[in-house]
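Visitor: Got a sequence here, can you build the structure:
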Amino acid sequence: MIRAGRMGLVQTVADLAVALGVSVKTLRNTKPYAAPGFPAPVSSPEAQKLLWDGEQTAAYFAGRAVPALSAGESDDDLLDRHEAAAECGVGAATWNSYKNDPTVAEHLVTVAGVEHWPRGVVRAYRAGRPGRGSARTGGRPRGSGDRVPREQLQQHVARLLDAEPAVTAAAVVEEFGVAMTTATAALAAVRGRRIADLLEEQPQLSPVQAAERLGYPPITHRRALAAARCEQRIREARPYVQGVAQALAGAGLAEPDEPEVVELPSGAIAAAIRLTPGQAAAAAVWDERFGWRTSGSRRHPFGKDTGARPQGNGIRYLTDQARPAPSAVLAALHS
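Guide: Residues are numbered from 1 along each chain as shown. Next up, the predicted model:
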């Protein structure tokens, strides 16, 4: 995103070329923006056009410490289509229709040829768009909207569980305005994580005993125990994936971020490591069944999980082992 008040500092690839006194073609060939330590783009990971903060790039080129951008969120932050879609909890294609609403369209800001909208405008549209909930089933009150951001729901559910371990999904719906299916999934995920925590602390307990010790009603056990098993498998895989991520980041091939480790719809554990801009692939993906491969998408690196070995554009399998050493993954990406 473009932080509030920094629109005038935005730079494109062409601007970087001017700053370095080279042609755009030379810049694209040498890719100085892919070097370790170069400021991260302010454009979203999925954006086709990369944008940077000019104050940060100037400091980098001058050999000075790169200043950090302000933390937190402002209603005046400018979001591109992918970020605006994420703020609304929808896909980018859906946002392409939302952006035509007059209450959104009148606030369009074009920066370096890329459409952006103020965060406050996007949030106001999300909160007030008509018909929200009218086509849903499963407990969301008609006309109501989520009263907390979806990515924060579990931490709010955790607070309810602190006060009442037997809290129901209906209570979560009433408190936060989410759908019943969303509330049920959030409760199961948080309960499962806490069961996994307790089993780590007291391995002599069975999963059912852990659920009972935490005060969870028997009717909730099936979902919570399934979530706990998933959490345990993710925790087992995470150190290995982190080792690969650290190796790739150390070589300048990956962002120095925590890798995403998830359970796929088929039940398999998988992980994604976003690669730095300019690489041949957008991400490196690990699947416990098939090992490491590349992905052409940063936003949806796992793709559609059918249970079969993924194939298609942007996919290249890096090794024939399920858990190769980090050095082997790094060498395969270089090849």
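Visitor: pLDDT value on residue 307, please?
Guide: Model confidence at residue 307, given as pLDDT, is 85.
Visitor: helix or strand for it, which one?
Guide: Using DSSP states H and E, residue 307 sits in no helix or strand.
Visitor: Quickly note the distance from the spatially closest residue to it that is not a sequence neighbour to residue 226.
Guide: Nearest residue to residue 307 in three dimensions, chain neighbours excluded: residue 266, at 4.5 Å (Cβ to Cβ, 6 or more residues apart in numbering). For every residue, glycine as well, the C-beta is placed using N, CA and C. Distance from residue 266 to residue 226, counting by Cβ to Cβ, to the nearest Å: 14 Å.
Visitor: Neighbour count for those two, which is higher?
Guide: Neighbour tally, residue 266 and residue 226, criterion other Cβ atoms under 10 Å: the higher count belongs to residue 226, 15 against 12.
Visitor: mean confidence score for stretch 325-335?
Guide: Across stretch 325-335, the average pLDDT comes to 92.
Visitor: Just the residues contacting it, thanks.
Guide: With contact meaning Cβ atoms under 8 Å, 6 or more residues apart in numbering, stretch 325-335 is reached by 243-244, 246-248, 251, 253, 279, 281, 284, 292, 294, 318-319, 321, 324.
Visitor: Could you list the buried residues of that stretch?
Guide: Using 16 or more other Cβ atoms under 10 Å as the test for burial, stretch 325-335 gives 326, 328-330, 332-333.
Visitor: what number of residues lie near residue 26?
Guide: When neighbours are counted by other Cβ under 10 Å, residue 26 registers 12.
Visitor: Now do the contacts for it.
Guide: By Cβ under 8 Å, 6+ apart, the contact list for residue 26 reads residue 17.
Visitor: Now name the helix or strand holding it.
Guide: Assigned by DSSP H and E, residue 26 falls in helix 24-30.
Visitor: what about the strands in this protein?
Guide: 10-11, 52-53, 78-79, 109-111, 114-118, 260-263, 269-274, 283-287, 291-295 (DSSP state E).
Visitor: in the stretch 101-250 of the chain, what spans have low per-residue confidence?
Guide: Low-confidence segments of the stretch 101-250 of the chain (pLDDT under 70): 129-148.
Visitor: Next one: the closest residue to residue 217 other than its chain neighbours from residue 213, what distance?
Guide: Leaving out its chain neighbours, the residue that sits closest to residue 217 by Cβ to Cβ, 6+ apart is residue 166, at 5.0 Å. Distance, residue 166 to residue 213, using Cβ to Cβ: 14 Å.
Visitor: so who does the nearest residue to residue 36 once chain neighbours are set aside touch?
Guide: Once flanking residues are discounted, residue 36 sits nearest to residue 252: 4.2 Å by Cβ to Cβ, 6+ apart. Listed by Cβ under 8 Å, 6+ apart, the contact set of residue 252 reads 34-36, 276.
Visitor: roughly how far apart are residue 252 and residue 277?
Guide: Using Cβ to Cβ, residue 252 is found at 11 Å from residue 277.
Visitor: between the two, what contacts are shared?
Guide: Common neighbours of residue 252 and residue 277 (Cβ under 8 Å, 6+ apart) are residue 34.
Visitor: returning to what we had before: export the strands of the chain to TSV and tack on mean neighbour count?
Guide: Listed next are the strands of the chain as TSV, based on neighbours: other Cβ atoms under 10 Å:
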stretch	mean neighbour count
strand 10-11	21
strand 52-53	22
strand 78-79	24
strand 109-111	13
strand 114-118	21
strand 260-263	16
strand 269-274	23
strand 283-287	25
strand 291-295	22
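Visitor: For the protein, which segments count as helices?
Guide: For the chain, applying DSSP state H gives helices covering 13-20, 24-30, 54-61, 81-88, 92-98, 102-105, 119-128, 153-163, 169-176, 180-201, 207-213, 221-250, 326-334.
Visitor: what's the most buried one of the ones you listed?
Guide: Of all these, helix 81-88 has the most neighbours on average by mean count of other Cβ atoms under 10 Å, namely a mean of 22.
Visitor: and that one, what does it pack onto?
Guide: If you count contacts as 3 or more Cβ pairs under 8 Å, 6 or more residues apart in numbering; DSSP states H and E, helix 81-88 packs onto helix 92-98, helix 119-128.
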